[in-house]
Structures are given as structure tokens and as C-alpha cells.
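Asks: Sequence isn't available, so here's the structure alone:
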């Protein structure tokens, strides 16, 4: 007989008054092996059960829910679903356990996804563009790229400081484009190109960290924080502004520069050393220590430029003026009780910016005195030395060996193990002869015995 709500309420009342539980069944249509039942307890509560006979002919009860939270109509619908399962497989308990496990797995997956999303949101608020910039600068220093680290830090602080508080994963191509446009419109197109390059490189390190074991662990957090794109790399390259400088000093300009360097104390002598050694990169020369000069008169520098995992050893023979200047630096380092070849007070090596500022000051002085045709930068001095060596007949390959550039090909890395010391020495002696040729015009070639 079909159960009614009135009968259910009557059963609940009877159970409360009698202090004994009361069972009522909902019998509708033909049923084999199962029935929907409601148990009313003496406390006044009522619960639905699906009663069935399992494969071993044992009666079992499956709890469905409480009344009136689960009404009669819903209870009938739920029991019909259970009946369908039961008719397909009498081992209803096993089927229901499997379904419950699936539901539990789904709940667990949803909860894990929720927690992961929440953690990503928290990480995103901590892992900012500014933190990535700082980490990238530190990484450049770790790889021995001090000059690049200084450049990156400067351009980040001057032109991208407003992006620092943004989560790295929230930085968009439009953010970067707007920032670059502002720099371009201020008349600093080349700087905008440099900023784009450093930003793209910083994001690339973070994106590659999962697959590249050589990248520090600190970069991994950005991928976990939801970083999936390189917004700087998605912007248009500003190649029209990245034009190589062609400035180099003519002989008269060089005479005046050399004379002014001789009067500029230790920083001036350091730049003279870079020149006499064939136009070496200042950042690499400033890392040199006393022990980098061996008993055979060979100075070993370390060149980390490019994508090298380890710095390339760059050997330079001390010939001509280079020998005098480096020996002078050694003597002075011993007096200061320091390992640094180029130091002002012995506590640390001269910073590259000190020499950059010196060249800038000398450039202004030379322009004011009519000794230069145009402003000059540190890199112009290196270019001047190579141009002069070329004019003297030093081959392109030997100039490359002397200045350590363009040596990253397969042949140079794996097959050509010749140290080119003889060729480098010949080039340095020619360079010395060119510089000392100014002595007739009272140009002091270098500062001797600087204490």
C-alpha cells in the first residue's frame, strides 16, 4: 500500500508516545527484493531506508536521509534509482561503496584544485615583477655578468619601477608596451630596447626554470604562482633604436685622452691598462687579482659573456706597456695588502661605474677644450683600439682572440685549442709602439710607480 504524509506523521506520533520505534513501508507496484521504508524513533526523528536482499539472501538497509528534510516524493525517486542499480547487480552495497568512493575522489580533486588556486593567488600577491627583477639581477651577478647586472638594475629602477608591485603572472603585454612607449617618447629609444631585452630575459629565466637544472631554484616559484607567458617577449622588438655605435677616436683625440688618463690617478691608470692590454672589457679586467698573473707573465681574465655556463679563460701576455702597467698594479696591491689588482684603497676592486663616470667627465672636458669632435663612451675606447690594430695589419681573427669576442662557435669551443699568445704579444707590441710614438709630442704614456 502506498504511503502518505499523514501516515508518516501518525507513525512519528505513535513512536514518541509508545517509546518504541515504528516502521512503515511504501509499497507501490510490483517490487522484487526491495522496499522503501521509514523508521520513526521514540525521540521523534524519522529516517528513510532502502531495504533489500543481497546476493546471500541477507536483508540489508541502506540509509537514504531524514524526514521531513527528504520528503516522500524525493524518497520515492531516490529509491527508484537504487532499485535500478539493485536489479542490475544484487550486490548493491559494493556498487554504492564504489559510487561513494568516486564522489569522494571528486570532492578531493575539487578541494585540491581549490587549495591550489588559493595558493596561487597568495603566491601571486608575493611573487611580484619587482622581486623577479631583483632575482634576475642577482642571477646575473652569480654568473659573473656584473656589468650586465648593473645595467639591468639601473634600467629597471629608472623606467620600470611602477611595475614592481604587480604580480609577475599579472603583467601583460599592454603593461610592457605602455612602459616602453613612455621611454621611447622621452627620446630614449635605445634604452627602451634595452629595457625590453632585460625584462624578456628575466621572464624567460622564470619560465625555463622547470626544465633547466642550471637555473636557481628561486625562479621555480613563479611558475607555481601561475606564470605562463613572457609579456615582454610578446611586444614588438625595437630594433630601429638598437643601432651599434660607430664612434672611435682619431689619433689626435687619443693623444689628449691618454694624457688626461695619466693625470687621473688610479682610475686613469686602470683604463690605460685596459687599452695597453688590447682594449679589454673593463668589468672583466677589474675582477683580476694578483694570483691571476703567473710567473711566465700571463694575465688570466674570465669572460662570462654570452650564454656560457662557465666563464671562458682569456689569456693575455704582458708585453710592452701592458707589462709595465700590470707590474705597477701588482706592486701597489702589495702595498695596500689586497688581492685586487685594481683597487683605490685595498678594501675592494674599483667599481666599473667609477671608470664610466671618469670617461664621461673626460669626454666633457675634452669637448670643452676642443680636443674631441664628439662625446665618447667607454666602449668607444675599446672600438678605437681594435680599429687601430686593424690599421696596423693585425688580422680580424687575431683581434678577436685578443679582445675575446666572437669566439663562441663550435670550432672555437671544441677544436681550436691554440692559445694565440705569440699573436697576442705581437699585437700588443705594435699597440705599445703606436702609443709610445706620442712621447715626441710630450704625451705621457702611463703613470709610473703610483703608490
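Replies: Nice, thanks for sending it over. Treat the numbers as computed from the prediction; the structure is a model and nothing was measured. Numbering: from 1, shown residues only.

Asks: ok, which stretches of this protein are strands?
Replies: Assigned strands in the chain, in chain order: 22-26, 34-40, 46-53, 59-67, 298-303, 312-317 (criterion: DSSP state E).

Asks: Would you check how far apart residue 93 and residue 78 are?
Replies: Using CB to CB, to the nearest Å, residue 93 is found at 16 Å from residue 78. To be clear about C-beta, it is placed using only N, CA and C from the backbone, and glycine gets the same treatment.

Asks: hmm, back to that, quick one: which of the strands of the chain is nearest residue 254?
Replies: Nearest to residue 254 among the strands of the chain is strand 312-317 (20.9 Å), distances taken as CB to CB.

Asks: tell me what the closest one is packed against?
Replies: In terms of contacts (3 or more CB pairs under 8 Å, 6 or more residues apart in numbering; DSSP states H and E), strand 312-317 is packed against strand 298-303, helix 421-436.

Asks: will you turn the ones you listed into JSON lines that also has distance to residue 341, mean neighbour count and mean pLDDT?
Replies: Output for the helices and strands packed on strand 312-317, formatted as JSON lines (distance: least, CB to CB, whole Å; neighbours: other CB atoms under 10 Å; pLDDT from 0 to 100):
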{"stretch": "strand 298-303", "distance to residue 341": "9", "mean neighbour count": "17", "mean pLDDT": "92"}
{"stretch": "helix 421-436", "distance to residue 341": "17", "mean neighbour count": "18", "mean pLDDT": "94"}
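
Asks: between these, which one is nearest to residue 4?
Replies: Short answer: strand 298-303, nearest of the helices and strands packed on strand 312-317 by CB to CB, at 93.0 Å.

Asks: mind giving me the domain split of this protein?
Replies: When the chain is parsed with automatic domain parsing, its domains come out as 5-90, 129-224, 251-441.

Asks: Turn these into CSV, including distance to residue 103.
Replies: Listed next are these as CSV, based on distance: least, CB to CB, whole Å:
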stretch, distance to residue 103
domain 5-90, 14
domain 129-224, 29
domain 251-441, 51
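
Asks: Indicate which one of those is closest to residue 238.
Replies: domain 129-224 (4.0 Å).

Asks: ok, residue 148 - contacts?
Replies: Applying CB atoms under 8 Å, 6 or more residues apart in numbering to residue 148 gives the contacts residue 140.

Asks: do the same with the one 5 residues further on
Replies: Taking CB under 8 Å, 6+ apart as the contact definition, residue 153 lies against 133, 137.

Asks: for the stretch 1-150 of the chain, which spans come out with low pLDDT?
Replies: Residue ranges of the stretch 1-150 of the chain with pLDDT under 70: 29-31, 56, 90, 120-125.

Asks: the helices in it, which residues?
Replies: 5-18, 72-88, 92-126, 129-142, 146-159 (DSSP state H, counting those that start in this stretch).

Asks: Nearest to residue 240, out of those helices?
Replies: The nearest among those, by CB to CB, is helix 146-159 at 18.2 Å.

Asks: mind listing what's buried in that closest one?
Replies: The neighbour-count check on helix 146-159 (16 or more other CB atoms under 10 Å) flags 146-153, 155-156, 159 as buried.

Asks: ditto for stretch 54-66
Replies: Buried, per 16+ other CB under 10 Å, within stretch 54-66: 62, 64.

Asks: what's the spacing between it and its chain's center?
Replies: From the chain centre to the centre of stretch 54-66 is a distance of 61 Å (CA atoms, centre = their mean, to the nearest Å).

Asks: And stretch 233-241, by the same measure?
Replies: That offset, for stretch 233-241, works out to 20 Å (CA atoms, centre = their mean).

Asks: before we move on, what about stretch 6-17?
Replies: Counting by CA atoms, centre = their mean, stretch 6-17 is centred 72 Å from the centre of its parent chain.

Asks: in it, what's buried?
Replies: Neighbour counts over stretch 6-17 (16+ other CB under 10 Å) mark 8, 11-12, 15-16 as buried.

Asks: that older thread, looking at residue 93 and residue 78, which one has more neighbours?
Replies: Comparing residue 93 with residue 78 by other CB atoms under 10 Å, the one with more neighbours is residue 78, at 17 against 13.

Asks: so what's that one up against?
Replies: 48, 50, 64-65, 70 are the contacts of residue 78 under CB under 8 Å, 6+ apart.

Asks: same check, this time on residue 322
Replies: 273, 276-278, 299, 316, 428, 432.

Asks: mind running it again at 6 Å?
Replies: Applying CB atoms under 6 Å, 6 or more residues apart in numbering to residue 322 gives the contacts 276-277, 428.

Asks: Now do the contacts for the closest residue to it other than its chain neighbours.
Replies: Of all residues beyond its chain neighbours, the one nearest residue 322 is residue 276 (4.3 Å), with distances taken as CB to CB, 6 or more residues apart in numbering. With contact taken as CB under 6 Å, 6+ apart, residue 276 is in contact with 321-322, 325.

Asks: Between these, which sits nearest residue 99?
Replies: Comparing the contacts of residue 276 against residue 99 with CB to CB places residue 322 closest, at 83.5 Å.

Asks: And the pLDDT at the closest one?
Replies: Per-residue pLDDT puts residue 322 at 95.

Asks: And residue 445, by the same measure?
Replies: Looking at residue 445, its pLDDT reads 40.

Asks: ok, now residue 449?
Replies: For residue 449, the model assigns a pLDDT of 42.

Asks: Give the full set of residues in contact with the residue lying closest to residue 217 once chain neighbours are set aside.
Replies: Closest residue to residue 217 apart from its sequence neighbours, by CB to CB, 6+ apart: residue 209 at 7.8 Å. Neighbouring residues of residue 209 by CB under 6 Å, 6+ apart: 215, 219-220.

Asks: Filter those down to the buried ones.
Replies: The neighbour count (16+ other CB under 10 Å) marks 215, 219 as buried among the contacts of residue 209.

Asks: Nearest to residue 38 among the contacts of residue 209?
Replies: Distances from residue 38 to the contacts of residue 209, taken by CB to CB, are shortest for residue 220, at 57.5 Å.

Asks: got the contact list for the closest one?
Replies: residue 209 are the contacts of residue 220 under CB under 6 Å, 6+ apart.

Asks: Would you agree residue 46 is in contact with residue 67?
Replies: Yes: applying CB atoms under 6 Å as the test, residue 46 and residue 67 come out as touching, 4.1 Å apart.

Asks: For residue 310, find the nearest of the helices of the stretch 1-150 of the chain.
Replies: helix 129-142 (12.4 Å).
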